[in-house]
Every structure is written in C-alpha cells, then in structure tokens.
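1. below is the sequence, then the predicted model.
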Protein chains: 2
Amino acid sequence: MRCAVVGGGAWGTALADLLARNGNVVLLWAREADVVESINTIHENARFLSGVRLDGSLGADSRLDHVLASAPELVVFATPSHATRALASDARIVLRPGTIVVVASKGIEEGTLALMSDVVAEALDAPRVVALSGPSFAEEVAHRQPTAVVAASADRAAACAAQQAFSCAEFRVYTHDDLIGVELGGSLKNVMAIATGIAEGLELGMNSRAALITRGLAEMTRLGAAIGARPTTFAGLAGLGDLVLTCTSSQSRNHALGAAIGRGATLSDALAGKETVAEGVHTTRSARALAAREGVKMPIVETVYRTLFDGQSPRIALAELLARDLRSEED
Amino acid sequence: MRCAVVGGGAWGTALADLLARNGNVVLLWAREADVVESINTIHENARFLSGVRLDGSLGADSRLDHVLASAPELVVFATPSHATRALASDARIVLRPGTIVVVASKGIEEGTLALMSDVVAEALDAPRVVALSGPSFAEEVAHRQPTAVVAASADRAAACAAQQAFSCAEFRVYTHDDLIGVELGGSLKNVMAIATGIAEGLELGMNSRAALITRGLAEMTRLGAAIGARPTTFAGLAGLGDLVLTCTSSQSRNHALGAAIGRGATLSDALAGKETVAEGVHTTRSARALAAREGVKMPIVETVYRTLFDGQSPRIALAELLARDLRSEED
C-alpha cells in the first residue's frame, strides 16, 4: 500500500516506520528541514525520536503537496490537534478520492469542540476516516515492544484496511466501531494525566493516584455517553488502557507538566523552554467547554482547569477534589 | 465504637490504627508474640509495618477469645485468605450477636471457591458482613496519605456503620451494595498483578502493561457477571482502582513475585525465604477453577497458572497471550 504520514513528531515517525517495516511504500511529511534531512540521510529522526534506526525505505519531505501527490491509498494525520485543521485543508486539493484517512492526533478542537476525525473529515471532505488510538508510547512502538491499539471507524472496510496496514507481531490492531468513544478517550486521558501528575508533584501517593484514575475514567465515560459514545468503549484499550499508560508513566509530557505544577510551578514556568505545548493543556480548555455544553459534571477536568488557568493552589484544589462529598460510589 | 481487628499484618495493623485514631476503642489480635509486644510497648508493628508510630490507644493481644470477649460492636478480619475460615470458626462462640463483621481479606477459598465474606458469614453464622476494598497500600494509609475505598454489603446499615467507623479526612469510604463484585475485584487483581509483574520481568514495556491491565479488567468483569456481580462495579475503586494500584507499583508482593518469575525464577525460587506466600498464588488456582466451573474464558489467569504451576516459559506464555487472535476489541 502507498502511504503518507503527515507529522514528523515521535508518534508520526513511529507510525511511518511501522508502515514501512510492514512493506508499505511510505513518505513522511515533516515541517522541520532538519527532521527531513535526518530521516533521509541517517534514517533517524534525531530531533523527535532519537536513538531509533528507522526502516531504510522510509522517505521524508517537507512539501505537503508533493507527499500527498505520491497518490497514497492511506494517509495518516499525526499532527498536534491545533494544527490539524489547517494541514487537512491544505491537503484537500491533492488528496485522491477514496483515500483512507487515519487520524492519530488526539484532542478536541478549541472553539468548535470537534474531535479530530470530524475536523479531518470536514476539512478534507473525506468520508473514510479511521481513528487509531490506544496505549502506545512512540518509543516503545519504534523499539518493537508489544503494543495493542484500536482502529475505529464507522466504515468497517476502512477500519480493516488500517488494521491490515499497521498490524504485525508486535503491534496488534483491533477494529472498533465507536469512533467518538475511541477518540474522546484518547483526548481526555491527557487531562487526567495532568491531574495525576499534579498529585505526584504534591507527593500524595499511589492510593490517591489509583483513585484519581478510577474517578477520571468515570467522568470520561459520562461525557462520552452524553455525546453518543458507548460506555463500554471507555473500558477498552483507547479508554482505560491509554488512561493507565499516560497516568502511570513519567514518559508522558502531560504527566510531567502536572508534576511540575504540583511542585509549585505556574503554567508559564512549566511551559518555558518546551518546544511544544503538552496536548492536555489545550484539551483541558476544550473538555471543560464540552462538559459545560453537555451539562456533564467533570470535577477532575474542572480542578485541572482552575489549577492551570485560574491560579488556584494545586494542594487546595486536589484536597477539595479528593474530599468531595459522595456517599455511595455510584452516586 | 468497640472494635476488634483479627490479623496483625500490615493491612490489619493500618486498619486498627485508623479505627483507633478515629476515637474507637480497638484491640488487635496477632498470632505473633513479637508483634503483640511491639505494639503494646513501642506503639509500632516492627515486623510488618515498621517505621509507623501507631495510635497510643491501640492494644494488641494474641488470645483470640480474649480479644473478641471485649464485646466489640465491629470485628475486622484482615487475615490471609487461607487462614480465614479457621479463625472465623474459632471466633464463633465468643462473638456477640449483631456484631458487624468487616472483611478486609482478599481471596477466593481453594476447594469451596467461596469469597471471603461467604467464608466468614458461614463460619461465624453472622449475617452483617461488609467487605472493605479499594486501592489502599497499608503503608500509605498508615502515613495518612489520601485514600478512597468502598464498604460493600447487602445490609445497608452495616455498610454505613463501617463507613462511619473508618472514615476520616484522609481515608474516604464510599458505601456499595455489590458485595460479590467488590470482593471479586479485590481478589482477582492479585492474579493480574502477577501477570504484569511477569511482563515487567521480561522487560516488555509500558504499552503491553497497559494492554494487560485493560484485558485483565475485561476478564475479571466477565467472571463477575457470571457469578452475579454488576459489571459497573469493576469500573470502580474495588475493581479498576485496586487493579491499577497493584499492577503499576513495585510495592505489591504479587507484582514482585511475577517480576521474579519473568526474570527466570521458578515459583519455589520466588517463594524461598519469604515469610508469607503472595495472595495471588492461591487466587490463581481458585480463580482458574471458578472460571472453569462457570465456563468463562480467562486467558490471563490461564497464562499465569501455566507459568506458575505447569513450568511454562513466561516468555512463550506472554507472547501467546499478547498474540491471541482477536479481530474486534469487543469480541
């Protein structure tokens, strides 16, 4: 299969490498000239995925139209959520009709509160959209550690084609039909990772981390149900699986940002000197707005919002959160 | 309230200390004379919970009849699961009718395949049984780190009385009415902790750990549904919460045992020199038998069983598990 990957970050690079290793013809679009050169000359993305030897057949280019004009049957978007609409709009005129579009970006667009598959489908006028999500640190995928994810689409044939393109012994892809649930899980987990990071920065221990993850999944599931997702989706790889991964590992940028806040940094301190803003910072704003629109209570999202944007003390905010007056667990 | 705690391990001691701090009159039964002496003289359980200064009002005694004859309104069983029936039988003649019995032990009795609340209710002929479960490392509870658990009972007044006795600012207790689900979650999570420990010993990475936890919760929920538990219970503190805690922390003895097996130890190597057998070793056998009785597929339990008891190579067993042929996630 001829494939294009839009986005030369760690995740885009790992997915491009995976497709290439599986025998597909793959061209990667990256904005940064040094990333393109590094991939084409030394078969490494030295800036975003250093130390990984990429498949020799993988090429990179910084001209989006050129990459898409290679007539791919499958295009992957692995861009930061706030950049996705503009890139998809640019891609529109060169995209072949019928191309399967895999969305690996995770987020909720600010303003429109649209999920990335909607953003891409709308901007590209492409109906065959698949969301790829699940517990998957790019570095581990690149190092061929066992990983399991889901490919979700309303178009079953498109989900199966994506499954086929990405699957190998170490990377298991399960099909799924609940696109909304799969995408929402992948997006909201970044907010929860900030929350558990804050708790870690405050040294609140493992018991409270486990309680936060549990309550976090419950509020993710509530929001999902309100916008048409199936609750059971959140118990799967793209919900619980990705949530657990992101909330329990210091590799997550969102978790690290929360930990810095918990130790006393302001948001601007925590972002200073970082090349990219952790996705969860954007998602906190849009998830809060989505919860308000749908009338769903999301106390953890609210707590993270106040801590990041309203200057509330993390210690007080977390104490209030953990002391909420609930008597029965299922209230 | 007058309380007795049966079992002087880390968890029994932490719960006894918590009850004492909350103003209850508490007597702890411990089998070991050194534990009793250590608590009564230096207010510490030097053997099982060293470094924690216990409440000065907490007393200990090694005579079970004496402890129970103090006419407690609430008795806590925090014994290893295989010792619970014998201790409850011994307690029967001295127990006051109407006493609330809190079961903090987690396991499935071998042979009968009964949950601990059933074992205790049967042996004591006591109807007012409450299971206390949730993500709660004893050391963190003793150090007053924030913790949230559930108190589950078919007898709502008994659950509320237990909630009242244990609750304080740092230790939140939610009532629950699904006794079977709450207990099964607390028991089966120890098997899953062995599984993720094995994966860690094999250095399979965080992605596969998250996938195992997700699949683990799914098979726990399936078994629960088969024996009358509510699936939603497994998404709560006593299911997901406790599972995440136990599977993601090296503090868990079950996880540590799995890690040793993953690094190449046999079960007898891994148990050598240990004072107590990790609870999950027993639960693996009984969970497998229960799954067989109910006709429920539990591939992770089966894999752990074969690795512990049939001498199967952990690397091959985990590879087979992770490569199971599932096409849609919800199959």
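-> Structure received. These numbers come from a predicted model, not from an experiment.

2. which secondary structure state does the residue nearest the centre of chain A sit in?
-> Most central in chain A under C-alpha atoms, centre = their mean is residue A:106, positioned 3.1 Å from the mean C-alpha point. Applying DSSP: H, G, I helix; E, B strand; the rest coil to residue A:106 yields a three-state assignment of coil.

3. wait, it touches residue A:116, no?
-> Yes. Here residue A:106 reaches residue A:116: they are 6.9 Å apart, a contact under C-beta atoms under 8 Å. All C-beta spots, glycine's among them, are computed from the backbone N, C-alpha and C.

4. low pLDDT regions in the stretch 201-331 of chain A?
-> By pLDDT under 70, the low-scoring segments of the stretch 201-331 of chain A are A:325-327, A:330-331.

5. ramachandran angles for the nearest residue in space to residue A:226 that is not next to it in sequence?
-> Nearest non-adjacent residue to residue A:226, counting by C-beta to C-beta, 6 or more residues apart in numbering or on different chains: residue A:294, 4.1 Å away. In terms of degrees, to the nearest 10, the main-chain angles of residue A:294 are phi -90, psi -10.

6. quick one: residue A:131 is in a strand?
-> Yes. With three-state DSSP as the criterion, residue A:131 is assigned to a strand.

7. circling back to that earlier point, for the residue nearest to the centre of chain A, list the residues it contacts.
-> When contacts are counted by C-beta atoms under 8 Å, 6 or more residues apart in numbering or on different chains, residue A:106 touches A:81, A:116, A:133, A:183, A:186, A:187, A:190, A:279, A:283.

8. how much space separates it from chain B?
-> Applying C-beta to the nearest C-beta, to the nearest Å, the value for residue A:106 to chain B is 15 Å.

9. residues contacting residue A:58?
-> Contact criterion C-beta under 8 Å, 6+ apart gives A:16, A:17, A:20, A:26, A:28, A:39, A:43 as the residues in contact with residue A:58.

10. report pLDDT for the first one.
-> It stands for residue A:16. With respect to pLDDT, residue A:16 scores 98.

11. which SSE is it in?
-> Under the assignment given by DSSP states H and E, the secondary-structure element containing residue A:16 is helix A:10-21.

12. next SSE downstream of that helix?
-> strand A:25-29.

13. so which residues make contact with that following strand?
-> Contacts of strand A:25-29 with the rest of the structure, by C-beta under 8 Å, 6+ apart, involve A:1-8, A:12-13, A:16, A:19-20, A:39, A:57-64, A:67-68, A:70, A:72.

14. and stretch A:298-306, does that touch chain B?
-> No. Contact of stretch A:298-306 with chain B is not found when judged by C-beta under 8 Å from any C-beta of the partner chain; the minimum separation is 13.1 Å.

15. show me which residues of that stretch are buried.
-> By neighbour count with 16 or more other C-beta atoms under 10 Å in any protein chain shown, stretch A:298-306 contains the buried residues A:298, A:300, A:301, A:302, A:303, A:304, A:305, A:306.

16. which pair in those residues spans the largest distance?
-> The two members of the buried residues of stretch A:298-306 with the most space between them (C-beta to C-beta) are A:298 and A:306, at 12.1 Å.

17. need the contact list for the closest residue to residue A:110 other than its chain neighbours.
-> On the basis of C-beta to C-beta, 6+ apart, the spatially nearest residue to residue A:110 that is not a chain neighbour turns out to be residue A:286, at 5.0 Å. Taking C-beta under 8 Å, 6+ apart as the criterion, residue A:286 is in contact with A:107, A:108, A:109, A:110, A:113.

18. now, which of the residues you listed sits nearest residue B:51?
-> Of all these, residue B:51 sits closest to residue A:107, with 44.2 Å by C-beta to C-beta.

19. I'd guessed that closest one sits against residue A:188; true?
-> No. Here residue A:107 does not reach residue A:188: they are 9.8 Å apart, not a contact under C-beta under 8 Å.

20. any residues in contact with both of these two?
-> Common neighbours of residue A:107 and residue A:188 (C-beta under 8 Å, 6+ apart) are residue A:283.

21. so between the two, which is more surrounded?
-> Neighbours per residue, other C-beta atoms under 10 Å in any protein chain shown: of residue A:107 and residue A:188, the larger number sits with residue A:188, 34 against 26.

22. need the residues of the stretch 201-331 of chain A near chain B, please.
-> Taking C-beta under 8 Å from any C-beta as the contact definition, the stretch 201-331 of chain A meets chain B at A:204-211, A:213-214, A:217-218, A:221, A:232, A:235-237, A:240-242, A:244-245, A:248-249, A:251, A:319, A:322-323, A:326-330.

23. residue A:60 belongs to a strand?
-> Yes. Assessed with three-state DSSP, residue A:60 lies in a strand.

24. and the contacts of residue A:58, which is closest to chain B?
-> Nearest to chain B, judged by C-beta to the nearest C-beta, of the contacts of residue A:58 is residue A:17 at 15.3 Å.

25. not counting sequence-adjacent ones, nearest residue to the closest one?
-> Nearest residue to residue A:17, sequence neighbours excluded (C-beta to C-beta, 6+ apart): residue A:54, at 4.8 Å.

26. that neighbour belongs to a helix?
-> No. When the secondary structure is assigned by three-state DSSP, residue A:54 falls in coil instead of a helix.

27. for it, give me its contacts.
-> Taking C-beta under 8 Å, 6+ apart as the definition of contact, the neighbours of residue A:54 are A:13, A:16, A:17, A:20, A:39, A:43, A:44, A:45, A:142.

28. assign a three-state SS to the fifth one, would you?
-> Using three-state DSSP, the three-state assignment for residue A:39 comes out as helix.

29. contacting residues for it?
-> Shown in contact with residue A:39 (C-beta under 8 Å, 6+ apart): A:8, A:13, A:28, A:30, A:45, A:54, A:58, A:59, A:60.

30. how far away is the fifth one from residue B:201?
-> This points to residue A:45. 31 Å (C-beta to C-beta, to the nearest Å).

31. who's more crowded, the two?
-> The neighbour count for residue A:45 versus residue B:201, taken as other C-beta under 10 Å, is higher for residue A:45 (31 against 23).

32. that one reaches residue A:35, doesn't it?
-> Yes. Counting by C-beta under 8 Å, residue A:45 touches residue A:35, with 5.7 Å between them.

33. intersection of neighbour lists for those two?
-> For the pair residue A:45 and residue A:35, residues contacting each of them under the criterion C-beta under 8 Å, 6+ apart are residue A:8.
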